[in-house]
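Asks: coords please:
(chains A and B)
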Amino acid sequence: MRKWPVSLLVIAMLALVIAGVRALRQEPLYHTQSYVFGTLVDISIYGEPEDRATLLANQVLQDFQNLHNQLHAWKQAGKGQASELGTLNTAFASGTKPVAISPQLAAMLTEATDLSVKSQGLFNPAIGHLISTWGFQRDEFTAVRIDDETIKALLKTKPRMTDIVLKDHTAFSTNPNVKLDLGGYAKGYALDMAADYLRRQQVKNALINIGGNIIAIGRHGDKPWRVGIQHPRKPAAIATLDLADGWAIGTSGDYQRYFMLDGKRYCHIIDPRNGYPVQHTQAVTVLIPPRKNAGVLSDVASKPIFIAAAEDKASTAAMLGIQYFMVIDQQSNIFVSQALAKKLDWLDPEVNNNRHVKLVTLP
Amino acid sequence: MLSLLRSPEPTFRHLLIGDWLTIIFSAVITAGLFLTLWSHELASKIQIRVGDKIQATYDLNQQRDITVHGAIGDAVIHINQGKVRFSKSPCHNQYCVHQGWLTHSGQVAICLPNQISLELIGAKKPYDSLNY
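Replies: Residues are numbered from 1 along each chain as shown, chains lettered A, B, ... in the order given. From the prediction side, this is the model:
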């Protein structure tokens, strides 16, 4: 038998060692991205065989698609049929005759109404007419001519969640001007739904991101899941933090859906008190500790804080029971609650240099 | 070393246990160094996704334009020596183009209407997912 030169043996051994370490380093991490809800959905599952992770992720995406079809505020669900929410809105507008709704939608409306009341109306999913007047109920919206008269008239009709009467799986509205738009609620609801589903399927570790709202299950191997918070004016993260099991994070920003008119930015977050887009705030981030509806809160709770005036932001957070929040105002000043500040690692060099970060104490 | 290659057999036969240990030890060290040092030298890359598929991954250390067919039309992605941006997009609001240059690992730019996303990939991922 012919013997190999030592140098060849060494090279072969090297290759084996490198290949072995590479293989060991291959993480059992499954990652998928998809476009649902008119936004980007990003699912990571850790520690499951790839085929099972694929099946689970596809089921979650399918559930999201169904929810989207059920709740879409301005699109037909298909074949000339309005979504369940669209049908309900038509019924609200045409009278006070109760119409049948699914138990799922009834539960959503109950929860959304509770949160609307708790936020003293700053979270108000009943102002669909205002939102469509501003042109945000379109996939590709353009700058609208601002119709002050229509806005004034719509404000006078005072659509509120408490105008809706739910009884025996039916619903009607005492106010024909109520038009539901669950855009500030549905993604959060979907997060809770997906997290519940994956936990029921014995998934121990996953990270679900729907259009920027994130909920964590378990960990990323031996470390917690780590998320970045987007800078509202740069294509980069401003800070990172660990998202432990059951925690959720959500941001409302003026940079996600907006149009510019005469050098002014009009974002999709509308102050229900005056009917105009909020212009004093760039972003509000809330972090929600584990609880039953952490996803919903991560979606909903940032809105009232975003809408509230600077001096009312901390009290609005307190009113909603939010301990962990960050506000970035129009001048790019950063205000962070003490509880959240302890968890953040700043990435933005400007923040690190100037330290123009103010700590906010909850009232 | 040259003589080693030319007449391998006698040398090979006379290797003792200590020689083997030395060879194995140096092999492990070299492999370790390769894995730690080499991976950091790897240039950052740009990963382009269209819909739910990874379309392509490109080296960032070059200058080139890449045309990507998205859901509503062709977008142009411009790579320029370590940075990347959407330079043209058929979408209405042009948020993706206004995002500007991405430079650091973990940064993303998304064009929702055209369903194209860019992500910068480096040796280390600074976070698992982005809250926005």
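Asks: residues of the helix or strand containing residue B:65 that come out buried?
Replies: Remark: residue B:65 resides in strand B:63-69, with elements defined by DSSP states H and E. Applying a neighbour-count criterion of 16 or more other Cβ atoms under 10 Å in any protein chain shown, one finds B:66, B:68 buried in strand B:63-69. Quick note: C-beta positions are derived from backbone N, CA and C, even for glycine.
Asks: helices or strands up against the helix or strand following that strand?
Replies: Scanning forward in sequence from strand B:63-69 by DSSP H and E, the next helix or strand is strand B:74-80. Secondary-structure packing of strand B:74-80 (3 or more Cβ pairs under 8 Å, 6 or more residues apart in numbering or on different chains; DSSP states H and E): strand B:45-50, strand B:63-69, strand B:83-88.
Asks: rerun at 10 Å
Replies: strand B:45-50, strand B:53-59, strand B:63-69, strand B:83-88, helix B:95-98, strand B:108-111, strand B:116-121 (3 or more Cβ pairs under 10 Å, 6 or more residues apart in numbering or on different chains; DSSP states H and E).
Asks: related to what we said a few turns ago, pairing partners for the strand holding residue B:65, with directions?
Replies: strand B:74-80 (antiparallel) (DSSP bridges).
Asks: Next, the buried residues of the strand it pairs with.
Replies: For strand B:74-80, by 16+ other Cβ under 10 Å, it's B:75, B:77, B:79.
Asks: Let me know the closest of those residues to chain A.
Replies: residue B:77 (13.3 Å; Cβ to the nearest Cβ).
Asks: where in the stretch 151-300 of chain A is pLDDT low?
Replies: For the stretch 151-300 of chain A, no stretch is flagged by pLDDT under 70.
Asks: And the closest residue to residue A:128 other than its chain neighbours, its phi and psi?
Replies: Spatial nearest neighbour of residue A:128, excluding adjacent residues (Cβ to Cβ, 6 or more residues apart in numbering or on different chains): residue A:179 at 3.1 Å. When read as degrees, to the nearest 10, the backbone of residue A:179 gives phi -130, psi 110.
Asks: what about residue A:214, which SS state?
Replies: Recorded secondary structure, residue A:214: strand (DSSP: H, G, I helix; E, B strand; the rest coil).
Asks: Contact partners for it?
Replies: Residue A:214 sits next to A:42, A:191, A:207-208, A:225, A:227, A:243, A:247-251, A:295, A:298, B:128-132 when contact means Cβ atoms under 10 Å, 6 or more residues apart in numbering or on different chains.
Asks: all strands in the stretch 151-300 of chain A, in order from the N-terminus.
Replies: A:164-167, A:170-173, A:205-210, A:213-217, A:225-230, A:237-243, A:248-253, A:258-261, A:264-267, A:281-288 (DSSP state E, counting those that start in this stretch).
Asks: Now tabulate the ones you listed in JSON lines and tack on distance to residue B:23.
Replies: Below are the strands of the stretch 151-300 of chain A laid out as JSON lines (distance: least, Cβ to Cβ, whole Å):
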{"stretch": "strand A:164-167", "distance to residue B:23": "78"}
{"stretch": "strand A:170-173", "distance to residue B:23": "78"}
{"stretch": "strand A:205-210", "distance to residue B:23": "41"}
{"stretch": "strand A:213-217", "distance to residue B:23": "46"}
{"stretch": "strand A:225-230", "distance to residue B:23": "41"}
{"stretch": "strand A:237-243", "distance to residue B:23": "43"}
{"stretch": "strand A:248-253", "distance to residue B:23": "52"}
{"stretch": "strand A:258-261", "distance to residue B:23": "64"}
{"stretch": "strand A:264-267", "distance to residue B:23": "65"}
{"stretch": "strand A:281-288", "distance to residue B:23": "54"}
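Asks: For the residue positioned nearest the centre of chain B, which non-adjacent residue is closest in space?
Replies: Central residue of chain B (Cα atoms, centre = their mean): residue B:45, 3.7 Å from the mean position. Of all residues not flanking residue B:45 in the chain, residue B:121 sits nearest, at 4.6 Å (Cβ to Cβ, 6+ apart).
Asks: how far out from the middle of the chain is the biggest helix by length in chain A?
Replies: Identified as the longest helix of chain A according to DSSP state H is helix A:50-71. On the basis of Cα atoms, centre = their mean, to the nearest Å, helix A:50-71 sits 17 Å off its chain's mean C-alpha point.
Asks: How about that helix, which residues are buried there?
Replies: A:53, A:56-57, A:60-61, A:64, A:67-71.
Asks: For burial, what's the neighbour tally of the residue nearest to residue B:45?
Replies: Applying other Cβ atoms under 10 Å in any protein chain shown, we find 16 other residues in the vicinity of residue B:121.
Asks: What distance do you get for it to residue B:48?
Replies: The gap separating residue B:121 from residue B:48 is 11 Å, by Cβ to Cβ, to the nearest Å.
Asks: list residues touching both of the two?
Replies: residue B:57.
Asks: biggest helix in chain B by residues?
Replies: Per DSSP H, chain B has its longest helix at helix B:17-33.
Asks: Outside of it itself, which residues are in contact with it?
Replies: For helix B:17-33, with Cβ under 10 Å, 6+ apart as the criterion, the contacting residues are A:6-7, A:9-21, B:11-12, B:15-16.
Asks: okay, now the domains of the chain?
Replies: The chain I'm using is chain A. Domain ranges of chain A: A:29-48+A:195-360, A:70-74+A:83-183, per automatic domain parsing.
Asks: that's the wrong chain, I wanted chain B
Replies: Following automatic domain parsing, one gets these domains for chain B: B:2-41, B:45-121.
Asks: winner for burial among the ones you listed?
Replies: A comparison of these by mean neighbour count, using mean count of other Cβ atoms under 10 Å in any protein chain shown, puts domain B:45-121 on top with a mean of 18.
Asks: Residue A:219 versus residue B:124, what's the distance?
Replies: 18 Å.
Asks: More neighbours: these two, which one.
Replies: Of the pair residue B:124 and residue A:219, residue A:219 is the one with more neighbours under other Cβ under 10 Å, namely 18 against 9.
Asks: check contacts around that one.
Replies: Taking Cβ under 10 Å, 6+ apart, one finds A:46-47, A:204-205, A:207, A:225, A:242-245 in contact with residue A:219.
Asks: Would you reformat the helices and strands packed on strand B:74-80 as a markdown table and include mean pLDDT?
Replies: Formatted as a markdown table, the helices and strands packed on strand B:74-80 follow (pLDDT from 0 to 100):
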| stretch | mean pLDDT |
| --- | --- |
| strand B:45-50 | 95 |
| strand B:53-59 | 94 |
| strand B:63-69 | 96 |
| strand B:83-88 | 95 |
| helix B:95-98 | 94 |
| strand B:108-111 | 94 |
| strand B:116-121 | 94 |
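Asks: Residue A:91: helix or strand, and which one exactly?
Replies: Assessed by DSSP H and E, residue A:91 sits inside helix A:84-94.
Asks: who touches stretch A:69-76?
Replies: A:37-38, A:68, A:77-78, A:81-86, A:89, A:102, A:104-105, A:108, A:125, A:128, A:131-132, A:136-139, A:179-183, A:185-186, A:189-190.
Asks: The residues you listed, buried ones only, as a ChimeraX selection?
Replies: Restricted to buried positions by 16+ other Cβ under 10 Å, the ChimeraX selection for those reads:
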select /A:37,68,77,82,83,84,85,86,89,105,108,125,128,131,132,136,137,179,180,181,182,183,185,186,189,190
